[in-house]
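Below are the sequence and a predicted model for it; my questions follow.
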Amino acid sequence: MKRVFRAASLLQVAHARNVLLTAGIESELRNQYLAGALGDLPMLETWPQLFVEDDDESAALRALARAAAVPTGAPWTCNECGERSEPQFTNCWRCGASAQSA
Ligand SMILES: [Zn+2]
């Protein structure tokens with residue numbers, strides 16, 4: 001099994017699991033009830049996590065990346081310097097201007 005996703009919020013993980021299901025990928029949710037219960041583990045290890053079969057790893061990561069990109073829309077062009085930025089960035093990667101300052 002390969003871990004393809006983890007988040008502090010179970011809601012986010014459940015959403016990611018739905019994304020995978022929609023893409024036809026079965027996933028296994030772990031740590032659903034462990035948060036805060038384990039003293040010695042690093043914090044990230046206690047987060048809810050999604051695991052998929054080894055063969056599904058790349059397809060799962062692609063599906064998650066696609067889903068993450070959807071709500072934020074298309075690439076945008078900075079009004080300050082004209083640079084194109086990917087939709088997940090809220091500020092121009094080049095000059096730092098806000099996407100909304102347009
Ligand atoms: Zn810019």
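The structure has been received and is ready for your questions. Numbering: from 1, shown residues only.

contacts, neighbours, all on C-alpha from now
Will do.

what's the spacing between the residue nearest the centre of the chain and the ion?
Nearest residue to the geometric centre of the chain (C-alpha atoms, centre = their mean): Ala68, 5.7 Å. Distance, Ala68 to the ion, using C-alpha to the ion, to the nearest Å: 23 Å.

try Thr90
In terms of C-alpha to the ion, Thr90 sits 11 Å off from the ion.

Setting the sequence-adjacent residues aside, check what's closest to that residue.
Ala99 (5.4 Å; C-alpha to C-alpha, 6 or more residues apart in numbering).

which SS state does the residue nearest to the centre of the chain fall under?
Using DSSP: H, G, I helix; E, B strand; the rest coil, the structure places Ala68 in helix.

show me the contacts for it.
By C-alpha atoms under 8 Å, 6 or more residues apart in numbering, the contact list for Ala68 is empty.

And the pLDDT for it?
Note on Ala68: pLDDT of 77.

go on, Ser98?
Value for Ser98, per-residue pLDDT: 87.

can you pull the contacts of it?
Counting by C-alpha under 8 Å, 6+ apart, Ser98 has contacts Thr90, Asn91, Cys92.

Pretty sure the residue nearest to Thr90 sits against Glu80.
No - counting by C-alpha atoms under 8 Å, Glu80 is not a contact partner of Ala99; they are 9.8 Å apart.

what do these two both touch?
With C-alpha under 8 Å, 6+ apart, Ala99 and Glu80 have no common neighbours.

Show me what counts as buried in the strand or helix carrying Arg62.
Arg62 is part of helix 57-69, with elements assigned from DSSP states H and E. Judged by neighbour count using 16 or more other C-alpha atoms under 10 Å, the buried positions of helix 57-69 are Glu57, Ala60, Ala63, Leu64.
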